[in-house]
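return atomic coordinates for the entry below.
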Amino acid sequence: MPPQLPSDQQRAAVEGALDEIINAIMAHPLWKEPPNQNPMLVEVWDFVMRSRYMLSEYENVKAGRPLRFPDQFQGAGSVVGTGNTGALHVYQDVCSRTMILGMLMKDSSGTIGMLTGEAVPPVDFGPRVMNAVKALQQVCPMEDVMAGMMR
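From the prediction side, this is the model:
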């Protein structure tokens, strides 16, 4: 059976879960306004914001309309494509990012954080952020997570 496009409800659930992660990070006690931000919180916040933006372009990709920031997509938008296939790829890419997000949440050594290009101390994200990430992982179908990872 060929892969199916996500329903409006599935996309809304992922969008809502991403929004809750963003809100939880910004409510974290270590979240500060620049210039005194915790680098790990900022990296995770930026990662989730990018996922949220990618999902917001789903309908534009599906309809073949120009993207606002095509450079935010893998391969500067060239890999995304258009139509149903491109839209499915966007959704799967967003879902696949939950795998990396989960690794960032569990990193107590700071090793995964070094993937950002700088050594950052590990952060205790706390229950609100952790629960929001778990909620996102629950609404992203594993077949879409894996399809996004394989691309």
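
pull the distance from stretch 17-36 to the chain's centre.
Distance of stretch 17-36 from the chain centroid (Cα atoms, centre = their mean, to the nearest Å) equals 15 Å.

just the buried positions in it, please.
17-18, 20-22, 24-25, 28 (16 or more other Cβ atoms under 10 Å). Quick note: C-beta positions are derived from backbone N, CA and C, even for glycine.

measure residue 123 to residue 146 for me?
28 Å (Cβ to Cβ, to the nearest Å).

correction: residue 11
When residue 11 is compared with residue 146 (using Cβ to Cβ), they lie 18 Å apart.

now residue 107
Using Cβ to Cβ, one gets 22 Å for the distance from residue 107 to residue 146.

so what secondary structure elements neighbour the lengthiest helix in the chain?
Longest helix of the chain, by residue count under DSSP state H: helix 83-106. Helix 83-106 is packed against helix 8-27, helix 39-56, helix 58-63, helix 126-139, helix 142-150, with contacts defined by 3 or more Cβ pairs under 8 Å, 6 or more residues apart in numbering; DSSP states H and E.

the more surrounded of residue 123 and residue 146?
Set side by side, residue 123 and residue 146 show more neighbours around residue 123, with 22 against 13, by other Cβ atoms under 10 Å.

give me the nearest residue to the more buried one, chain neighbours excluded.
Closest residue to residue 123 apart from its sequence neighbours, by Cβ to Cβ, 6 or more residues apart in numbering: residue 40 at 4.5 Å.

check residue 26 too.
Per Cβ to Cβ, 6+ apart, closest to residue 26 is residue 45, 7.2 Å.

ok, the one you found to residue 21 distance?
Applying Cβ to Cβ, the value for residue 45 to residue 21 is 9 Å.

and if you look at residue 55?
For residue 55, the distance to residue 21 - Cβ to Cβ - is 12 Å.

residues near residue 81, how many?
15.

hmm, it is touching residue 89, no?
Yes - with contacts counted by Cβ atoms under 8 Å, residue 81 reaches residue 89, the gap being 6.4 Å.
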